[in-house]
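> Give me a model of this one.
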Amino acid sequence: MGQASRVAGVMDEEANSVHACNAGDERGCFARAERMQGAAPLTVIRAGTLIDGVSESPRKNQLIFVRGGRIEKVADDPAAIPAGAKVIDLSNATVLRD
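Got it, this is the predicted structure:
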């Protein structure tokens, strides 16, 4: 499996962990989403080059922090990676925003 496929698989796996909420149960829905967000595992993608579609030029040596199928933050490498985080090393690759 290629590196891009592996990243897509991680994103799909995390997105599938999000449950649909019932209409009319907004408070319960938000509480459930907050619990799931905190419990979702953290994945850190080490990108050699990041093209985010926002910056004027590609960003080199970036860390992308993903939890629950959502990007929490992007930071310059080196940055502290929390213990227990799954790390996907794409330091020799270019990562594009979807």
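
> Now do the contacts for the closest residue to Asp77 other than its chain neighbours.
Nearest in space to Asp77, with sequence neighbours left out and distances taken as Cβ to Cβ, 6 or more residues apart in numbering, is Asn61 at 4.3 Å. Placement of C-beta: from N, CA and C, glycine included. By Cβ atoms under 8 Å, 6 or more residues apart in numbering, the residues touching Asn61 are 47-48, 76-77, 91.

> Surely Asp52 touches Arg59?
Yes: counting by Cβ atoms under 8 Å, Arg59 is a contact partner of Asp52 at 6.7 Å.

> Next, show the common contact partners of the two.
By Cβ under 8 Å, 6+ apart, Asp52 and Arg59 have these common neighbours: Val74.

> Drop anything exposed from the contacts of Asn61.
Among those, those buried by neighbour count (16 or more other Cβ atoms under 10 Å) are 47-48.

> which one among the contacts of Asn61 gets closest to Arg70?
Nearest to Arg70 among the contacts of Asn61: Ala47, at 16.7 Å, using Cβ to Cβ.

> and the gap between the closest one and Gly53?
Counting by Cβ to Cβ, to the nearest Å, the gap from Ala47 to Gly53 is 14 Å.

> same check, this time on Lys86
Counting by Cβ to Cβ, the gap from Lys86 to Gly53 is 25 Å.

> Mind checking which of those two has more residues around it?
Neighbours per residue, other Cβ atoms under 10 Å: of Lys86 and Gly53, the larger number sits with Lys86, 12 against 8.

> do you know how far the residue nearest to that one when sequence neighbours are not counted is from Ile88?
The spatial neighbour of Lys86 that comes closest, neighbours along the chain excluded (Cβ to Cβ, 6+ apart), is Thr43 at 4.7 Å. Using Cβ to Cβ, Thr43 is found at 7 Å from Ile88.
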